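S.K.: Got a predicted model here, sequence first, then my questions.
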Amino acid sequence: METKCVRFDDLSPGGYGSFGLTGEVDAFTARRPEDVVPVIEAAESAAKAGYWVAGFVSYEAAAGLNPQLPVRPSGLHDPMRDLPLARFEAFSTRVDLTDVEATHYPPGAYNVSGWSPDSTRRDYRDSLAVTGRAIMSGEIKRGKHTFRLHAAFSGDQVALYRDLLQSQRGPHGACIETGRFGLVSVSPERFFKISDGVLTVRPVLASVRRGRWMEEDSKYAATLAVDRELDYENKILLAEAELELAELGELLSPAESPIISLDRLELTWHLTARIGVHIKPDVSLTRIFEALFPPLAVTGVPKPEAMGVIATTEDTPRGAYCGAIGFLAPHGTKGTEASFSVAVRTVVIDNEEGVAEYGVGTAIARVPDVTSAYEEARLKARVLVDRRPGFDLIERFRDDDGEIAGLEAKVRILEDSARYFGFRLNVGDAIAALVKAEPDGQSNEIELRVSRDGALETIVRSIQGWSGSAQEAPVISGRVATERVSVDNIFLFHKTTDPRLRDALARQHPDAAVAILINDEGNVAGSLEGNVFVETEGKWCTPPRRCGNPVYAICRELLATGAAEEHVLSAEDLWQAERVAVVNDTAGWRLVELTG
């Protein structure tokens, strides 16, 4: 019998890990607003009876919790018109899982078409203008506008979940199969958690994309760090959140809340706030949802008026998007008693119709800039296409007669990549592994591999002599890659075992010793074999890192000593150059004879 996937994953540093729920006992479904409260009550009763409970509450369920909250009703032709307003299932058993590849839910294969928005850019602009006018008139102080993306989908949602989870590696992964509908969520945002008598919420206040390497990443993170004092609109949201929470208990002390932090995911930085209360003993799950749902971060302030604007400006119901997904632990469980995420970064699948839906949006606190708002929405959709399969970090070292060249400089490069991706790396252990791997005599390349958990592996290969300059360099054949690479391809900027780019180049140019990459801006990026250098009028130049040029210690040394300069190089510059070379840390210089 096929096992239905119901699992939760926290891949954040210090997170609870991964677990699945099996042995379905009962299910509770709300399809009408008047059914929402009874279903939430049934879910809480099941947890009190000793069962694990998992499920979701759709955004439009708000009408069943508070009739004063306006929502857009489903239309006859809305893609997810049959999605329940709320659904929970009770389970007898919790199964701890080791990772996203756990054999308990073996992933299969899936197919997904291109994603299409349900709103044109013009419609998006007009809707933002309505929200902006509501803010200017004082009707609302903060708003949220969203739209949906749709795609044809077939196959295994567990496989889709694995891909999205690895691309996000956040705290609130959830995969729930219910039969016709499936939810795949990699939300970065906590709706609420109850643990040891304390209820906390953790709204996302601001987001920004990750940089592509450590220095650029730190620069982007700093743009959020200046918001630690919180600007006007965030203060409004936090003040409103405290008012909602105060209905449920005594607010945490100023020393405990709010706690503002920068949270790093694979694709984005988030500025978040932790706010909480010592929850009253008699507060029910229904009362919590009545007080807090939908989450303020996805509605705006004041909530009723902001939801009214949403109901008139968005083209389709939000469905599970911007609702809540989570679990209840059996009554008496120590630690986390309940945990729900805000259902963003969430794909909803209708298996009968073969359709998938994904919502994106942006918070609005002033007259909106359409371009920046649209780009923020696109950023939140990157998880759909930016794949991060499992990989190791690698760095290659040259060993001549027991002496490793540039050891410290190259370990620093490896350490930067480990910090960027959140890999564990003990530098002392890495150096010890290299020393232990040193063979006797001759020249060798030692490849050091680092896994995400910090495990180390060394591979030793015999190599040819070192070419310390272009004058003594051998000549190898090269081709200019026919397919351009994106300057946002993160694997251009770090050395890893990810095989996709190397495999693609091997298919394009199987006979070339080296393929020189051209980025999607039409400029030279680099190569997988080392840094690309071009000689013009006796001066060697190499592209800056932002073009996609990988980092090698020898390149840094050449630039630092003035032996080479950084310049943006076009594809045409390769053909007009006096000489072209590829330089790396284990072979040195190699001149490239371009063909084709």
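M.R.: Nice, I can see it.
S.K.: Next, the contact list for the closest residue to residue 88 other than its chain neighbours, please.
M.R.: Spatially, and ignoring its direct neighbours in sequence, residue 88 is nearest to residue 55 (3.2 Å; C-beta to C-beta, 6 or more residues apart in numbering). For glycine as for every other residue, the C-beta is placed from the backbone atoms N, C-alpha and C. Going by C-beta atoms under 8 Å, 6 or more residues apart in numbering, residue 55 touches 28, 43, 86-89, 176, 325-327.
S.K.: of those, buried ones?
M.R.: Those of those that meet the buried threshold are 28, 43, 86-89, 176, 325-327, by 16 or more other C-beta atoms under 10 Å.
S.K.: since we're on residue 388, how many residues are nearby?
M.R.: When counting by other C-beta atoms under 10 Å, one arrives at 19 neighbours for residue 388.
S.K.: what's the distance between it and residue 441?
M.R.: Separation of residue 388 from residue 441 (C-beta to C-beta, to the nearest Å): 40 Å.
S.K.: what's the next secondary structure element after the helix-or-strand element of the chain with minimal mean pLDDT?
M.R.: Least confident element among the helices and strands of the chain, by mean pLDDT, DSSP states H and E: helix 370-381 (a mean of 82). Counting by DSSP states H and E, the element after helix 370-381 in chain order, helix or strand, is strand 393-400.
S.K.: Go through that next one and flag the buried ones.
M.R.: Of the residues in strand 393-400, those with enough neighbours to count as buried (16+ other C-beta under 10 Å) are 393-399.
S.K.: Next: stretch 135-151.
M.R.: In stretch 135-151, counting by 16+ other C-beta under 10 Å, buried: 135, 140-151.
S.K.: Okay, and which of those map to strands?
M.R.: 142-151 (DSSP state E).
S.K.: In terms of distance to residue 350, which of those residues ranks first?
M.R.: residue 150 (10.1 Å; C-beta to C-beta).
S.K.: Let me know the pLDDT of residue 296.
M.R.: What the model reports as pLDDT for residue 296 is 95.
S.K.: which residues touch it?
M.R.: 203, 237, 240-241, 244, 303.
S.K.: mind redoing it with 10 Å?
M.R.: 142, 144, 201, 203, 236-238, 240-241, 243-244, 302-303, 306, 342 (C-beta atoms under 10 Å, 6 or more residues apart in numbering).
S.K.: List the ones among the buried ones among the contacts of residue 55 that fall in helices.
M.R.: residue 43 (DSSP state H).
S.K.: Mind checking which of the buried ones among the contacts of residue 55 land in strands?
M.R.: Per DSSP E, the buried ones among the contacts of residue 55 map to strands at 28, 86-89, 176, 325-327.
S.K.: Could you look up the SS state of the closest residue to residue 168 other than its chain neighbours?
M.R.: In space, residue 168 comes closest to residue 186 once its chain neighbours are excluded; the distance is 3.9 Å by C-beta to C-beta, 6+ apart. Using DSSP: H, G, I helix; E, B strand; the rest coil, the structure places residue 186 in strand.
S.K.: For residue 186, grab the count of nearby residues.
M.R.: 28.
S.K.: for residue 355, same thing?
M.R.: Around residue 355 there are 16 residues (other C-beta under 10 Å).
S.K.: re earlier: quick one: which of the buried residues of strand 393-400 is nearest to residue 7?
M.R.: Using C-beta to C-beta, those come closest to residue 7 at residue 393, 27.5 Å.
S.K.: right, and the closest one touches residue 494 too?
M.R.: Yes - between residue 393 and residue 494 there is a contact at 6.9 Å, judged by C-beta atoms under 10 Å.
S.K.: Which of the buried ones among the contacts of residue 55 sits closest to residue 268?
M.R.: Distances from residue 268 to those, taken by C-beta to C-beta, are shortest for residue 325, at 19.1 Å.
S.K.: Okay, that closest one and residue 346: tell me how far apart.
M.R.: In terms of C-beta to C-beta, residue 325 sits 7 Å off from residue 346.
S.K.: what touches both of the two?
M.R.: In contact with both residue 325 and residue 346: 56, 172, 174, 183-185, 187, using C-beta under 10 Å, 6+ apart.
S.K.: so what's residue 120 up against?
M.R.: 126, 147, 315.
S.K.: So what does the last one look like in phi/psi?
M.R.: Recorded main-chain torsions at residue 315 are phi -80, psi -20, according to degrees, to the nearest 10.
S.K.: pretty sure it contacts residue 127?
M.R.: Yes - counting by C-beta under 10 Å, residue 127 is a contact partner of residue 315 at 8.3 Å.
S.K.: What is the nearest of the contacts of residue 55 to residue 540?
M.R.: residue 325 (54.8 Å).
S.K.: Quick check: closest non-adjacent residue to residue 542.
M.R.: Using C-beta to C-beta, 6+ apart, the closest residue to residue 542 is residue 533 (4.9 Å).
S.K.: For that neighbour, which three-state class applies?
M.R.: strand.
S.K.: Mind listing the residues bridging to it?
M.R.: When bridges are called by DSSP bridges, residue 533 pairs up with residue 581.
S.K.: doesn't residue 552 make contact with it?
M.R.: No - using C-beta under 10 Å, residue 533 makes no contact with residue 552, being 11.0 Å away.
S.K.: okay but residue 72 is in contact with residue 312, surely?
M.R.: Yes - the pair residue 72 / residue 312 is scored as a contact, 8.0 Å apart, by C-beta under 10 Å.
S.K.: Compare those two (neighbour count), which wins?
M.R.: Neighbours per residue (other C-beta under 10 Å) separate residue 72 from residue 312, with residue 72 holding more: 18 against 13.
S.K.: Tell me the spacing between the more buried one and residue 81.
M.R.: Where residue 81 is concerned, residue 72 sits at a distance of 12 Å (C-beta to C-beta).
S.K.: shared neighbours of these two, anything?
M.R.: 316-317.
S.K.: Walking through the stretch 201-350 of the chain, point out its helices one by one.
M.R.: Using DSSP state H, counting those that start in this stretch, the helices found in the stretch 201-350 of the chain span residues 214-225, 232-246, 285-292, 303-313.
S.K.: Could you figure out how far the third one is turned away from strand 324-328?
M.R.: I take that to be helix 285-292. If you take axes from the mean of the first three to the mean of the last three C-alpha atoms, to 10 degrees, helix 285-292 sits at 150 degrees to strand 324-328.
S.K.: List the buried residues of helix 285-292.
M.R.: Applying 16+ other C-beta under 10 Å to helix 285-292 flags 285-292 as buried.
S.K.: now those residues as JSON lines including distance to residue 500 and pLDDT?
M.R.: What follows is the buried residues of helix 285-292, written out as JSON lines (distance: C-beta to C-beta, whole Å; pLDDT from 0 to 100):
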{"residue": "285", "distance to residue 500": "45", "pLDDT": "98"}
{"residue": "286", "distance to residue 500": "48", "pLDDT": "98"}
{"residue": "287", "distance to residue 500": "50", "pLDDT": "98"}
{"residue": "288", "distance to residue 500": "44", "pLDDT": "98"}
{"residue": "289", "distance to residue 500": "43", "pLDDT": "98"}
{"residue": "290", "distance to residue 500": "48", "pLDDT": "98"}
{"residue": "291", "distance to residue 500": "47", "pLDDT": "98"}
{"residue": "292", "distance to residue 500": "42", "pLDDT": "98"}
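S.K.: Relative to residue 502, which of these is nearest.
M.R.: Distances from residue 502 to these, taken by C-beta to C-beta, are shortest for residue 292, at 48.6 Å.
S.K.: List the contacts of that closest one.
M.R.: So residue 292 contacts 65, 191-192, 199, 201, 241, 244-245, 247-248, 303, 324, 340 (C-beta under 10 Å, 6+ apart).
S.K.: If any of the contacts of residue 296 are buried, put those into a PyMOL selection.
M.R.: Buried residues within the contacts of residue 296, by 16+ other C-beta under 10 Å, are selected in PyMOL with:
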select buried, resi 142+144+201+203+236+237+238+240+241+244+302+303+306+342
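S.K.: How about the contacts made by residue 492?
M.R.: By C-beta under 10 Å, 6+ apart, the neighbours of residue 492 are 212-213, 485-486, 501, 517, 519, 525-526, 528, 545, 547-550.
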